[in-house]
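1. What shape does this take:
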Amino acid sequence: NLYIDINFRNWGKIRYNREKALANGVIHSETQEEVSAKITYNNQTYPVDLRITGSTIDHVAHPYKWSFSVKVKDGNRIMGMKKFALLYPRARGYLTDWIATELLKSQDVIGLRSNYVNIRINGKDKGLYYLEERFDKGLIENNKFREGIIFRINYNGISAYNNKTIKENDELSSQLIKLRRMVQSFLAGEINACDIFDLKKFATLYVVSDVLNQKHALLRQNMRLYFNPVTSLIEPIGREWGYLRKETQLQTSLSIEKPNP
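-> Here you go, the predicted model:
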């Protein structure tokens, strides 16, 4: 059980940003304003920053179950985590993401800590939520890997998480420089895929997605990646399979329209 307490003004900001996201049809960064709150877990209260999260309005469309991102402040951790999300369970397919994550971890592929929790906000019961870890060194350490760069690939290239920590750490800064050079060499055709990607772990991710018949996690914008400083290879961090449905490889590309019947 997690008990969230937010003062009237900050809860008003959350509600306003949710209404704005609904009006826009998408959750933009300007509607993801953080507000101060408190979370009580196991009879201990923690100060946190809270905001709505997600990209699609599925995360806030329900009348009272909205997805939130949480940052625990003052160096504290909840369930061993500094950052996590409290998600409307349908956004992660109820059980789909949990099953996929457990399968990946059983095969030595990085998996997010996840759980199911009951939420009360300002004393009101909001029901069951899916708790999902976010991306920092705690995720890597919990999977018993050495601290390294966590990143995503977007249209501008590599976008690393925790940039402040990277800049303050010479080893991580060197890793990021090496990673960028390797990616450039791969795109230029100077090195092979096996020289930059851990192909066995990527194959495992694809097999798990095939077993679940759900390829949403394989979309570039959904996948998160880890540069292993020991092997100097990129590994996948699987997430966001979503609810089960019949899905084909064709439908994984946002730029390809479904063929006419």
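2. Residue 88 touches residue 128, doesn't it?
-> No: between residue 88 and residue 128 there is no contact under CB atoms under 8 Å: 9.7 Å. For the C-beta atoms, the positions are set from N, CA and C on the backbone; glycine is no exception.
3. Pick out whichever of those two has more residues nearby.
-> residue 88 (21 against 12; other CB atoms under 10 Å).
4. Give me the buried stretch members for stretch 224-235, please.
-> Across stretch 224-235, burial judged by 16 or more other CB atoms under 10 Å covers 224-229, 233-235.
5. Which one of those residues is nearest to residue 25?
-> Nearest to residue 25 among these: residue 224, at 25.0 Å, using CB to CB.
6. what residues are up against that closest one?
-> Contact partners of residue 224, counting by CB atoms under 8 Å, 6 or more residues apart in numbering, are 135, 150-152, 236-237, 239.
7. what's the answer for residue 59, then?
-> So residue 59 contacts 27, 52-53, 66-67, 87-88, 91 (CB under 8 Å, 6+ apart).
8. cutoff 7 Å now
-> 27, 52-53, 66-67, 88, 91 (CB atoms under 7 Å, 6 or more residues apart in numbering).
9. try residue 91
-> With contact taken as CB under 7 Å, 6+ apart, residue 91 is in contact with 54, 58-59, 67.
10. Could you tell me which of the residues you listed count as buried?
-> 54, 59, 67.
11. show me the contacts for the last one.
-> By that I understand residue 67. With CB under 7 Å, 6+ apart, residue 67 has these contacts: 52-54, 59-60, 85-88, 91.
12. Which of these fall within strands?
-> Using DSSP state E, the subset of these located in strands is 52, 85-87.
13. Over to the closest residue to residue 64 other than its chain neighbours: give its phi and psi.
-> Closest residue to residue 64 apart from its sequence neighbours, by CB to CB, 6 or more residues apart in numbering: residue 126 at 6.1 Å. Note on residue 126: backbone dihedrals following degrees, to the nearest 10 are phi -100, psi 0.
14. The closest residue to residue 153 other than its chain neighbours: neighbouring residues, count only.
-> Excluding its sequence neighbours, the residue lying closest to residue 153 (CB to CB, 6+ apart) is residue 220, at 6.0 Å. Neighbour count of residue 220, defined by other CB under 10 Å: 12.
15. got it, and residue 37?
-> 22.
16. try residue 208
-> Neighbour tally, residue 208, other CB under 10 Å: 22.
17. same check, this time on residue 14
-> Counted with other CB under 10 Å, residue 14 comes out at 22.
18. tell me which residues of the worst-scoring helix or strand of the chain on mean pLDDT are tucked away?
-> The weakest-scoring helix or strand in the chain, judged by mean pLDDT, DSSP states H and E, is strand 157-160 (a mean of 86). Of all the residues in strand 157-160, those buried under the rule 16+ other CB under 10 Å are 158, 160.
19. how far away is residue 161 from residue 32?
-> 16 Å (CB to CB, to the nearest Å).
20. Of these two, which one has the most company?
-> Neighbour count, other CB under 10 Å: between residue 161 and residue 32, residue 161 has more, with 18 against 14.
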